[in-house]
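Colleague: fold the following for me, if possible:
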Amino acid sequence: MTDTVCVVGSLMMDLITYATRRPLPGETLVGDDFTMTPGGKGFNQAVAAARAGSRTSLVGRVGADQFGSIFRQALAEEEIDTTHLHGAEQDGTGVGLPVVERGGQNSIIIVPRANASVTAADVAAARSAITAADVLLLQLELPLDAVWQAARIARSAGVKVILNPAPAAALPADLLSLVDYFVPNEVEVCLYAEGEVMAERLDDLASRFPRMNVVVTWGERGVIGRLVGDDGVALSLREPAPVVNAVDTVGAGDVFCGYLAAGLAHGVPPAAAIRSAVSAASLAVTRTGSGLSAPYAKEIQA
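Modeller: Numbers count the residues shown, from 1 in each chain. Next up, the predicted model:
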C-alpha cells in the first residue's frame, strides 16, 4: 500500500445561502447569511482524503477565471497533486448553489460548466495517477464516459474503486461491475435498488452485484450496508453516527467518502475505515462550508 488516493471529479464554487427554510415555488425569501467557498464533490472528497493523511491527486477541469485561480490556490495549500487538473478556456469554473436551512438540511443546484468538458481522453492521459493509487474515488458530476474510463483503468491495475453515485443517474451494470465500494445516500439508493425498506434494497443490490460492498450514508442515523470479505461472505453493516449539533450538512457525504478512501488506502480494515469516516462526517456538519469543513485526522483521533 502506498497510502495514495486519486480522485477523478468535479470542482464547483459553492455560493451558499442560509435561511430558516427553503423557499416555496414562486416565493422570494429573505435569507440569514451567505458564504462562498470552494466545493464540488471531487474537490470536497480530495480535501477530505488529504486531511485524513493520504497522498492525494485530483483529475478534473476548472475555468480560466477567478474561481479557477481560487481552486488552484486551495489545492496547493492542501498539498493535493494537480498535475492533471486542466483549464477550460471557453467554459467557466462550475458553480453550486446550496440553500441551507436551520438545522443543517440543504438542497443544491449545480451548474457543471468546465466539469462537463472532462473527457475520457483526459482521464486516459491521467492513467499514471490512477494506476499509482491504492484507491480511485469517483462521483457523477462529470460526464459518464469519463467516469467509466477511470473505473476501467483502475480495475485493470487492481486499484480499488469507490463510486459515490451523486447526483443520481441511471448506471449500466457494466460500470457497476467495476465498483468495489458503492456509496449512495438514502435518497440515491432508491434509484439503484428495488424494495420498500432499506434491507430489501440492500438484498436487491447483493443479488445483482454479489462482490460489491454497499455503504449507504443515512444522515444523522449513520450508515448501513453490507461488506463482502475476501472469502466472498457478506456481513451486514450498521455504524451509528454520534449525536452532534448540525449547522450545515453540505459536503458531509463527501467528507465520508474521502475519509473512507483514505482509510482503505492506508490498509485499515473496511469496518474501521467506515467508523472513522462516520466520525469525520459528523464533525464536519458542526461547521459551515463544504469541502473546507473536513476535519484533520488528529481531530478524529482526539
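Colleague: ranges for the strands of the stretch 101-250 of the chain?
Modeller: Per DSSP state E, counting those that start in this stretch, the stretch 101-250 of the chain carries strands over the ranges 106-111, 135-138, 160-163, 181-182, 213-217, 223-228, 234-239.
Colleague: read off the pLDDT value for the most centrally placed residue in the chain.
Modeller: For the chain, residue 254 is the residue whose C-alpha lies nearest the centre (CA atoms, centre = their mean; 3.7 Å). Looking at residue 254, its pLDDT stands at 95.
Colleague: surely it and residue 51 touch.
Modeller: No - taking contacts as CB atoms under 8 Å, residue 254 lies outside contact range of residue 51: 11.8 Å. Where C-beta positions appear, they are placed from N, C-alpha and C, glycine not excepted.
Colleague: still on that earlier bit, adding distance to residue 81 and mean neighbour count, write the strands of the stretch 101-250 of the chain out as CSV.
Modeller: Shown next, in CSV, are the strands of the stretch 101-250 of the chain (distance: least, CB to CB, whole Å; neighbours: other CB atoms under 10 Å):
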stretch, distance to residue 81, mean neighbour count
strand 106-111, 24, 15
strand 135-138, 14, 30
strand 160-163, 18, 23
strand 181-182, 22, 24
strand 213-217, 26, 24
strand 223-228, 29, 21
strand 234-239, 30, 14
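Colleague: want to throw those into TSV with mean pLDDT and distance to residue 32?
Modeller: Formatted as TSV, these follow (pLDDT from 0 to 100; distance: least, CB to CB, whole Å):
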stretch	mean pLDDT	distance to residue 32
strand 106-111	86	14
strand 135-138	98	33
strand 160-163	98	35
strand 181-182	96	36
strand 213-217	95	26
strand 223-228	94	30
strand 234-239	90	33
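Colleague: in TSV, list the ones you listed along with distance to residue 70.
Modeller: Listed next are those as TSV, based on distance: least, CB to CB, whole Å:
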stretch	distance to residue 70
strand 106-111	16
strand 135-138	22
strand 160-163	27
strand 181-182	31
strand 213-217	28
strand 223-228	32
strand 234-239	35
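Colleague: which of these sits closest to residue 144?
Modeller: Nearest to residue 144, of all these, is strand 135-138, at 10.4 Å by CB to CB.
Colleague: on that earlier part again, the residue nearest to the centre of the chain should be in a helix, yeah?
Modeller: Yes - according to DSSP: H, G, I helix; E, B strand; the rest coil, residue 254 belongs to a helix.
Colleague: now it: closest residue in space, sequence neighbours ignored.
Modeller: In space, and not counting its chain neighbours, residue 254 is closest to residue 44: 3.5 Å by CB to CB, 6 or more residues apart in numbering.
Colleague: next up, the contacts around the one you found.
Modeller: 251, 254, 255, 258, 290, 291, 294 (CB atoms under 8 Å, 6 or more residues apart in numbering).
Colleague: quick check: the third one touching residue 292?
Modeller: No - taking CB under 8 Å as the contact criterion, residue 255 and residue 292 are not neighbours in contact, 10.4 Å apart.
Colleague: more neighbours: which of those two?
Modeller: For residue 255 versus residue 292, neighbours defined as other CB atoms under 10 Å are more numerous around residue 255 (30 against 20).
Colleague: who touches the more buried one in this structure?
Modeller: 44, 45, 48, 277, 280, 281, 284, 293, 294, 295.
Colleague: alright, that wraps it up for me.
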